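[1] Show me how the following folds:
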Amino acid sequence: MSLKRRDFKSDRTFISSAAIALMIATAGLTGCQTGEVLNGGYIFDQQSLDLVPVGSSREQVLLSLGTPSTTATFDGEVFYYISQKRDRPVAFMKPKLIDQNILAIYFDKDGVVKSRANYSLKDGKVFDMVSRTTPTGGKDLTFLQQILLGSGNGANGAKNLLNNLNPGQ
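    Now for the predicted structure:
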């Protein structure tokens with residue numbers, strides 16, 4: 001009696017399907033990035049800044065650096081160019097502020113640059129913002145809590161819903 005090797009077509013199909021699925025899953029996971037750095041605002045370079053020496057006109061500043069991020073609130077004699085760098089370790093997490101630069105261009109009454117300043121994150125001061133929002137009555141529920149609670153008290157919630165739809169009954 002001789003032993004013969006037996007190949008089953010279903011075994012080969014299963015192994016090849018598993019290998020293809022493994023390759024697709026590996027390719028899909030390699031495309032995922034785990035973290036990212038987000039740059040926002042006006043990022044200036046030294047060449048652009050060199051085009052705006054002390055004594056330059058307001059128009060020269062606008063041509064060299066572009067429109068400022070914001071201006072001084074009261075007299076408009078300061079241009080602020082703001083940039084921030086934030087890091088987000090995972091795509092669904094809130095970004096964390098890593099670096100912040102504020103380029104301030106100060107003008108005199110004639111519209112001529114009298115000084116420049118570059119402020120960084122270490123120059124800033126932490127303060128509490130006034131939110132100007134009115135608190136709402138009731139409970140603040142998360143999305144998951146709202147789903148789990150449904151319409152409120154089960155049968156009473158359904159009864160109230162039906163009564164609101166048909167007020168005469």
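[2] where in this structure is pLDDT low?
    Applying pLDDT under 70 to the chain picks out residues 1-12, 27-34, 73, 76, 125-136, 151-169.
[3] how about the strands of it, start to end?
    Here the chain has its strands, by DSSP state E, at 36-41, 70-71, 78-88, 96-107, 113-120.
[4] For these, give me a markdown table that also has distance to Arg58.
    All C-beta atoms are positioned from the backbone trio N, CA, C, and that covers glycine. Converted to a markdown table, those look like this (distance: least, CB to CB, whole Å):
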| stretch | distance to Arg58 |
| --- | --- |
| strand 36-41 | 21 |
| strand 70-71 | 11 |
| strand 78-88 | 8 |
| strand 96-107 | 6 |
| strand 113-120 | 8 |
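[5] Tabulate those strands in CSV, adding columns for mean neighbour count.
    As requested, the strands of the chain are exported to CSV (neighbours: other CB atoms under 10 Å):
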stretch, mean neighbour count
strand 36-41, 12
strand 70-71, 14
strand 78-88, 17
strand 96-107, 16
strand 113-120, 13
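[6] Just the C-alphas of stretch 80-92, formatted as CSV.
    Provided in CSV are the C-alpha atoms of stretch 80-92 (Å, rounded to 0.1, in the frame of the first residue of the first chain):
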residue,chain,number,x,y,z
TYR,A,80,-0.1,91.1,13.9
TYR,A,81,1.0,88.0,11.9
ILE,A,82,0.1,84.9,13.9
SER,A,83,1.2,81.3,13.4
GLN,A,84,0.7,78.2,15.4
LYS,A,85,2.0,74.6,15.4
ARG,A,86,-0.1,71.9,16.9
ASP,A,87,0.6,68.2,17.4
ARG,A,88,-2.1,65.5,17.3
PRO,A,89,-0.7,62.1,18.3
VAL,A,90,-3.8,60.2,17.0
ALA,A,91,-6.3,61.3,14.5
PHE,A,92,-9.3,61.5,16.9
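[7] Out of the strands of the chain, which gets nearest to Leu149?
    Using CB to CB as the criterion, the shortest distance between Leu149 and the strands of the chain is 31.3 Å, found for strand 78-88.
[8] What are the contacting residues of that closest one?
    35-44, 61, 65, 68-72, 94-107 (CB atoms under 8 Å, 6 or more residues apart in numbering).
[9] Leu121 contacts Leu97, correct?
    Yes - counting by CB atoms under 8 Å, Leu97 is a contact partner of Leu121 at 7.3 Å.
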